[in-house]
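**Student:** let's see this in three dimensions:
(2 chains)
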2 protein chains.
Amino acid sequence: MEPSTSIPHDEGAQRARPPLRLGVLLSGRGSNFLAIARNIREGRLPNTELAVVISNVADATGLVAAKDLGLPTALYVSRGRPRADHDADLIACLRDHNVDLVCLAGYMRLLSPSFIAAFPNRILNIHPSLLPAFPGLDAQQQAFDYGVKVAGCTGHFVDGHLDHGATVLQRAIPVLESDDAHSLSERILVEEHIAYAEAIARVASGEFEIQGRRYVRRAKA
Amino acid sequence: MEPSTSIPHDEGAQRARPPLRLGVLLSGRGSNFLAIARNIREGRLPNTELAVVISNVADATGLVAAKDLGLPTALYVSRGRPRADHDADLIACLRDHNVDLVCLAGYMRLLSPSFIAAFPNRILNIHPSLLPAFPGLDAQQQAFDYGVKVAGCTGHFVDGHLDHGATVLQRAIPVLESDDAHSLSERILVEEHIAYAEAIARVASGEFEIQGRRYVRRAKA
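**Tutor:** So this is what the prediction gives:
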């Protein structure tokens, strides 16, 4: 059994502690980012704050939304740049903003090994399928075309492989007879928004271990 | 859109109709066969009967159980025989017993193309995972080791590929913090038993189409 993996932030939870600082990476509309922001605003993610929202795409509407919310933002256009150089900029930016936990919110780019290593078990993603089924793009369409009767989403740590890190939680929904790929996507997205807040809360608690590739919840010692 | 696929048996459902005759293939304890038998006995699969239970393994306890229930049984030992020869015996036996629908219940052998062709969309299987995740052997252990948080089972038509035919239904359960692979398997098995009866009833109704590889329920015209 490996030692408990917790983010340093969480030590001494019984004492007053500084807020958990999230760094968001996005490439598009960032609907999962907006759900996180809403959950924070409405008190469902206590003691958590958005430290910085970073886009790799200049016209990402999620970046505009972050500015509108008065959040710190950064743009590092990735197109045409070597991955390691780009990721070095991201790491520096996240560290400058004292980010504890990195949240991918529709970030359409694989992270480099150096990025993964810089935030061990501190990078979360939500994928719109019950992984390991349907990794990659258009997961909902893949699932619909396969004809699954149960669909869902997966909150997971990010490792160096596509949609592959340890599973923090999954939420399942039935595929309805009336569904098409679009309606299924919309209903999965509702679950994603719930799942992301819960995944952040679970990771923030520090009350877990990673055994092999299994995320196991543990009561605090 | 392909034409509706229904088993001939089902035509004229408003008139008195002969019972749907099931042929079961098993290799071991046949717990899913016993669940089907129980569902028939207890009236949850009306107008359905077990026509024959066939094993490919001499000492399969499911075969003994079938005899104890007074059901017609047959043994065709597959070990060492060419698949096509063995399957030809199975096809003949199932036809001799006027089988409408073939139910695999822990039948540990791939079916030949000629067998599949002999019973188009009339072969059902239950697999202990949410396919396409974790096909093959020890699906529950695979799922546990992967660390999924949602597990389940899949009732599907059988085609020429392993655990691959169109999905009739799936049932999902949460993986509990207290689970090990054994307890997870036991809880999935409960779902398999429910799912098998429901899958049989759905297929028996004839009220479906296969679109691509999607099973779509349809009200009868």
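
**Student:** you'd agree A:A139 is up against A:H127?
**Tutor:** Yes: at 6.4 Å, A:A139 counts as touching A:H127 under the criterion of CB atoms under 8 Å. The way it works is simple: take the backbone N, C-alpha and C, and place the C-beta from them, glycine included.

**Student:** quick one: stretch A:162-174 near chain B?
**Tutor:** Yes: using CB under 8 Å from any CB of the partner chain, stretch A:162-174 reaches chain B at A:166-172.

**Student:** now those as JSON lines including neighbour count?
**Tutor:** As requested, the residues of stretch A:162-174 next to chain B are exported to JSON lines (neighbours: other CB atoms under 10 Å in any protein chain shown):
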{"residue": "A:A166", "neighbour count": "20"}
{"residue": "A:T167", "neighbour count": "24"}
{"residue": "A:V168", "neighbour count": "25"}
{"residue": "A:L169", "neighbour count": "20"}
{"residue": "A:Q170", "neighbour count": "26"}
{"residue": "A:R171", "neighbour count": "21"}
{"residue": "A:A172", "neighbour count": "20"}
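
**Student:** out of those residues, which comes closest to B:N121?
**Tutor:** Ranked by distance to B:N121 (CB to CB), the residues of stretch A:162-174 next to chain B are led by A:A172 at 26.6 Å.

**Student:** secondary structure element holding that closest one?
**Tutor:** If you go by DSSP states H and E, A:A172 is part of strand A:167-174.

**Student:** okay, buried residues for whichever helix or strand comes after that strand please.
**Tutor:** Of the helices and strands lying after strand A:167-174 in sequence (DSSP H and E), the nearest is helix A:181-205. Across helix A:181-205, burial judged by 16 or more other CB atoms under 10 Å in any protein chain shown covers A:184-185, A:187-189, A:191-200, A:202-205.

**Student:** again with stretch A:151-170
**Tutor:** A:151-159, A:163-170.

**Student:** for the residues of stretch A:162-174 next to chain B, give me JSON lines that also has pLDDT.
**Tutor:** Compiled in JSON lines, those are given as follows (pLDDT from 0 to 100):
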{"residue": "A:A166", "pLDDT": "96"}
{"residue": "A:T167", "pLDDT": "97"}
{"residue": "A:V168", "pLDDT": "97"}
{"residue": "A:L169", "pLDDT": "97"}
{"residue": "A:Q170", "pLDDT": "98"}
{"residue": "A:R171", "pLDDT": "98"}
{"residue": "A:A172", "pLDDT": "98"}
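
**Student:** farthest pair in the residues you listed?
**Tutor:** Among the residues of stretch A:162-174 next to chain B, the pair separated by the greatest distance (CB to CB) is A:A166 and A:A172, which sit 18.3 Å apart.

**Student:** which residues in chain A form strands?
**Tutor:** Secondary structure of chain A (DSSP state E): strands located at A:20-26, A:48-55, A:73-75, A:101-104, A:123-127, A:150-157, A:167-174, A:208-211, A:214-217.

**Student:** so which of those strands gets nearest B:K67?
**Tutor:** Across the strands of chain A, closest to B:K67 is strand A:150-157 (CB to CB), at 36.7 Å.

**Student:** up against chain B, what does chain A have?
**Tutor:** Counting by CB under 8 Å from any CB, chain A sits next to chain B at A:130-134, A:144-150, A:152, A:154, A:166-172, A:177, A:212-217.

**Student:** switch to 6 Å and redo it
**Tutor:** A:130, A:132-133, A:147, A:149-150, A:166-167, A:169-170, A:172, A:177, A:213-215, A:217 (CB under 6 Å from any CB of the partner chain).

**Student:** dump the strands of chain A into a markdown table; add distance to B:A37 as well.
**Tutor:** Below are the strands of chain A laid out as a markdown table (distance: least, CB to CB, whole Å):
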| stretch | distance to B:A37 |
| --- | --- |
| strand A:20-26 | 55 |
| strand A:48-55 | 54 |
| strand A:73-75 | 64 |
| strand A:101-104 | 50 |
| strand A:123-127 | 41 |
| strand A:150-157 | 27 |
| strand A:167-174 | 28 |
| strand A:208-211 | 40 |
| strand A:214-217 | 37 |
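
**Student:** return the residues in contact with the residue nearest in space to the middle of chain A.
**Tutor:** By CA atoms, centre = their mean, chain A has its centre lying nearest to A:N125, at 2.9 Å. A:N125 makes contact with A:104, A:156, A:158, according to CB atoms under 6 Å, 6 or more residues apart in numbering or on different chains.

**Student:** out of those, flag the one nearest to chain B.
**Tutor:** A:H156 (9.0 Å; CB to the nearest CB).

**Student:** what separation do you get for that closest one and A:I210?
**Tutor:** 11 Å (CB to CB, to the nearest Å).

**Student:** what do you get for A:F134?
**Tutor:** A:F134 is 23 Å from A:I210, by CB to CB.

**Student:** the two: who's more crowded?
**Tutor:** Set A:F134 next to A:I210 and count neighbours by other CB atoms under 10 Å in any protein chain shown: A:F134 wins out with 25 against 19.

**Student:** which residue sits closest to the more buried one, ignoring its sequence neighbours?
**Tutor:** A:Q142 (4.3 Å; CB to CB, 6 or more residues apart in numbering or on different chains).
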